[in-house]
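In: Here's a sequence, model it:
(2 chains)
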Amino acid sequence: MPKNEKEVRRRDFLTSSIVGLGGFASVSSSAATIPPGQEQPAGKFARRTLGKTGMQLPVITMGVMNTSNPALVRAALDAGLFFLDTAQGYQRGTNESMIGEVLKGRPRDTFALATKSNLPRNQTTGQYAADATEEAYTKRIDTSLKNLGLDHVEIYHHHGAWSREGALFEPILNALEKAKKAGKIRFAGITTHRNEPEVIHAAVDSKVYDVVLTAYNFRQKHAEEIKKAIARAAEAGLGVIAMKTIGGNVGGAYHNQAIDARAALKWALQDTNVHTVITGFTTFDQLELDLTVLKDISLTRLERENLRVAALQPGLYCQGCGRCVTQCVRRLPIPDLMRASMYLYGYRNLVAAQDLVFSLALPASPCGNCSACPVRCLNRWNVRERIQDVVRLREVPSEFIA
Amino acid sequence: MNMLFLRWALGAMLLLMAGGVEAGTIAFPEMSGWDQPGKPQTYSPETLYECINGAADLYLSYDFRELHVAEYTNAQKASVTVEIYRHSTPTQAFGIYSQERLANAKLLDIGAEGYQEPAVLNFFTGPYYVKISGYETGAEDEKILLAFGRKVEEILGGKTPLPDILSAFPKEGLKQHSEKFISKDFLGYSFLHSGFTADYELSGKPFKIFVIEGRDRDDCRSMIEKYLRETKTPGEPVEGLRRLKDRHHGDVDLFWKGRFIWGTLNLDDPSLRSKYLKEVEARAR
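Out: Numbers count the residues shown, from 1 in each chain, chains lettered A, B, ... in the order given. Sure thing, here's the model as predicted:
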């Protein structure tokens, strides 16, 4: 279990949060007085300006995706987390509807909202279907507004792009621009969970997107590339929102007991080009813990250490960088072998693991006479050991595992 | 085969059995007139984000184990995508299914329960949550997806029952398709862990009824004790009725008996609270 440096007295903190936020929760962009990347002075709740949108947002944003509990959303809003993030796809639109119910009766200038959707596409190739049209995307925007019971949202994101081509898909760009002109959305955004740098650069080049929402965490091997892309986006005036700060790991942010979730949030905020970070809490206790980040975003020595240790956890997921293939003298299909290892120990699926190993047509002794493995895996895995372990599946009679 | 290897193989088998996991991949059905242009894809808890983006978190909270996806196309270039999510238990599968079922869903007799909308057919059966979607399937859309649904239902073992506990919810005022299973952090409290909930409305006033199934009596005692502490309610955790003032949920009536706790939320009328609590008990019996 990660250690938190100090426990916050919960009710005291929540009370002070609400008092401290009195009158501040106006979301008007014209009220922007803080330059991008700058926080409120010490002692106040940390806010940053979301790029050229001018919206001053708390550095913590509630991602509503994990909860269907309206009381929790109300508590977040009341505590000052006035920017909410959802998606049409979350619970098939019921997440938007639940938020809409909570927002009923609240003055429109006391909250801000981002939601998102995409159009039908092939999950492998990313190629959009023939019915992925501008009209279809406009309908999706309208559906979100209907679910939310609002006439506009602050940000509408193109959801889940992983390539430049996808990010620049014209029907979606056109629909977003027209929705902006029609006042249905104030700003256009794009979200990315993989191949993030390429998508972020495309977003900057598009001149259409105002905001990028990207996975960004201390465990990503390509975090430096993302950092550079984010810097370029911020320089171009785009608002930058980070998510998956815990590492997109098993069980989501708060279900991974091995990672200090608060430290992971703070890690992302050390990059001043990140304007706010999404956190998907599901309990009132987690909300209050996250509110402490608004008070002080600095990473303590203990938190840094917790992150360093967490980053060393080897896990089972090969990031597929492919560097090992060129390092391996025998040019073994190491990413495939690591995938087989994941099938075996992660999915506990011996059949899939064995099928994959057989399909690779490996030599009888895959590592041959190599005495010292030259592969330096980014995950710091002992690749030779894993290969030798998983190829033993070839010796298991299929009737034994079928 | 040497002993060391046998031990390893046996260990792997035991690992499988301990996890209650069926070995083997999903054998997607062959559909007449449809081809599978590629191999089915499999996603693990660590890679689910690649397939469904931020929605993955919620699936993971329902003890998601793996997702198998197959794509079918026909000569008219229509396509059907079949996604089979496997969760650890039928209750977890019902939970994620219930999160995505809409109030106006047109129910189908498929699996434990399912429904169909234009270009979509979703159902759950056993530990599986199945989502079938069609692209450019035209006027025959409903028929096509149902044919896929029936085949997939068959390969997954056919019909299975709904969770028993759902029968404890009284029918009067129950809003259609509002029953849900929340797998973690029920009511926003980690100590309550999981629970079933349903929406009600009487005379235009909405309220909720919930049922928590503890592991045993001690587990329920611990939950009640923590809830009393959280709400600063005096008294010891004893079986029977408790009334709490929850700063997030308002007045909450709770009844604890054995390994079950049930209660009402947002129900102002004390006589109605009492009536519903008694009815849950009677139905649960």
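In: ok, now which ones touch residue 181?
Out: Went with chain A since none was named. By C-beta atoms under 8 Å, 6 or more residues apart in numbering or on different chains, the contact set of residue A:181 is empty. For glycine as for every other residue, the C-beta is placed from the backbone atoms N, C-alpha and C.
In: Sorry, I should have been clearer: chain B.
Out: B:91, B:92, B:94, B:95, B:98, B:163, B:194, B:195, B:196.
In: any idea which helix is longest in chain A?
Out: In chain A, with assignment by DSSP state H, the single longest helix is helix A:134-148.
In: which helices and strands sit right next to it?
Out: helix A:94-103, strand A:112-117, strand A:153-158, helix A:170-181 (3 or more C-beta pairs under 8 Å, 6 or more residues apart in numbering or on different chains; DSSP states H and E).
In: what angle do that helix and strand A:112-117 make?
Out: Computed by axes from the mean of the first three to the mean of the last three C-alpha atoms, to 10 degrees, the angle separating helix A:134-148 from strand A:112-117 equals 140 degrees.
In: Residue A:351: how many residues sit nearby?
Out: Neighbour count for residue A:351, taken as other C-beta atoms under 10 Å in any protein chain shown: 16.
In: Oh, that last question was meant for residue A:363, not what I typed.
Out: Neighbours around residue A:363, by other C-beta under 10 Å: 10.
In: ok, back up a step: for my notes, please list the helices and strands packed on helix A:134-148 in a markdown table and give mean pLDDT for each entry.
Out: A markdown table is the format used below for those (pLDDT from 0 to 100):
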| stretch | mean pLDDT |
| --- | --- |
| helix A:94-103 | 96 |
| strand A:112-117 | 97 |
| strand A:153-158 | 98 |
| helix A:170-181 | 98 |
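In: Please list all residues in contact with residue A:331.
Out: If you count contacts by C-beta under 8 Å, 6+ apart, residue A:331 has them with residue A:325.
In: My error: substitute residue A:130 in the last question.
Out: So residue A:130 contacts B:77, B:135, B:136 (C-beta under 8 Å, 6+ apart).
In: what do you get for residue A:138?
Out: Residue A:138 is in contact with A:175, A:178, A:179, counting by C-beta under 8 Å, 6+ apart.
In: Please identify which helix or strand holds residue A:384.
Out: Assigning secondary structure by DSSP states H and E places residue A:384 in helix A:383-390.
In: Dump that helix to PDB, restricted to CA.
Out: Extracted in PDB, the C-alpha atoms of helix A:383-390 (Å, rounded to 0.1, in the frame of the first residue of the first chain):
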ATOM      1  CA  VAL A 383      13.300 -11.500 -21.700                       C
ATOM      2  CA  ARG A 384      15.500 -14.600 -22.000                       C
ATOM      3  CA  GLU A 385      13.900 -16.100 -18.800                       C
ATOM      4  CA  ARG A 386      10.400 -15.300 -20.000                       C
ATOM      5  CA  ILE A 387      11.100 -16.800 -23.500                       C
ATOM      6  CA  GLN A 388      12.500 -20.000 -22.000                       C
ATOM      7  CA  ASP A 389       9.500 -20.300 -19.700                       C
ATOM      8  CA  VAL A 390       6.800 -19.800 -22.200                       C
END
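In: Tell me which of the helices and strands packed on helix A:134-148 sits nearest to residue A:67.
Out: helix A:94-103 (8.3 Å; C-beta to C-beta).
In: List the buried residues of the closest one.
Out: A:94, A:95, A:96, A:97, A:98, A:99, A:100, A:102, A:103 (16 or more other C-beta atoms under 10 Å in any protein chain shown).
In: and if you look at stretch A:114-130?
Out: A:114, A:115, A:116, A:117, A:118, A:119, A:120, A:121, A:123, A:128, A:129.
In: which one of these is nearest residue A:342?
Out: Closest approach between the buried residues of stretch A:114-130 and residue A:342, by C-beta to C-beta: residue A:123, at 18.8 Å.
In: returning to that earlier point: in the helix holding residue A:384, what counts as buried?
Out: Across helix A:383-390, burial judged by 16+ other C-beta under 10 Å covers A:383, A:384, A:386, A:387, A:389, A:390.
In: just to revisit the earlier point, from the buried residues of stretch A:114-130, which single one is nearest residue A:245?
Out: residue A:114 (16.6 Å).
In: so who does the nearest residue to the closest one once chain neighbours are set aside touch?
Out: Nearest non-adjacent residue to residue A:114, counting by C-beta to C-beta, 6 or more residues apart in numbering or on different chains: residue A:155, 3.8 Å away. With contact set as C-beta under 8 Å, 6+ apart, residue A:155 has these partners: A:53, A:112, A:113, A:114, A:115, A:185, A:186, A:187, A:188, A:189, A:210, A:211.
In: and the gap between the second one and residue A:49?
Out: This points to residue A:112. Shown here: residue A:112 relative to residue A:49, a distance of 13 Å by C-beta to C-beta, to the nearest Å.
In: Comparing these two, which shows the higher neighbour count?
Out: residue A:112 (25 against 21).
In: Tell me the bridge partners for that one.
Out: Assessed by DSSP bridges, residue A:112 has beta-bridge partners residue A:83.
In: do the one 5 residues further on as well
Out: Taking DSSP bridges as the rule, residue A:117 bridges to residue A:158.
In: check contacts around it.
Out: Neighbour list for residue A:117: A:87, A:88, A:89, A:137, A:140, A:141, A:143, A:144, A:156, A:159 [criterion: C-beta under 8 Å, 6+ apart].
In: Please apply the same query to residue A:335.
Out: Going by C-beta under 8 Å, 6+ apart, residue A:335 touches A:318, A:320, A:322, A:324, A:325.
In: Show me just the buried residues among those residues.
Out: Restricting the contacts of residue A:335 to buried positions leaves A:318, A:324, with burial counted as 16+ other C-beta under 10 Å.
In: Out of the contacts of residue A:335, which is nearest to residue B:51?
Out: residue A:320 (15.0 Å).
In: what does the model give the closest one for pLDDT?
Out: Residue A:320 carries a pLDDT value of 64.
In: hmm, back to that, as CSV, the contacts of residue A:335 with distance to residue A:298 would be great.
Out: Listed next are these as CSV, based on distance: C-beta to C-beta, whole Å:
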residue, distance to residue A:298
A:318, 34
A:320, 35
A:322, 37
A:324, 37
A:325, 41
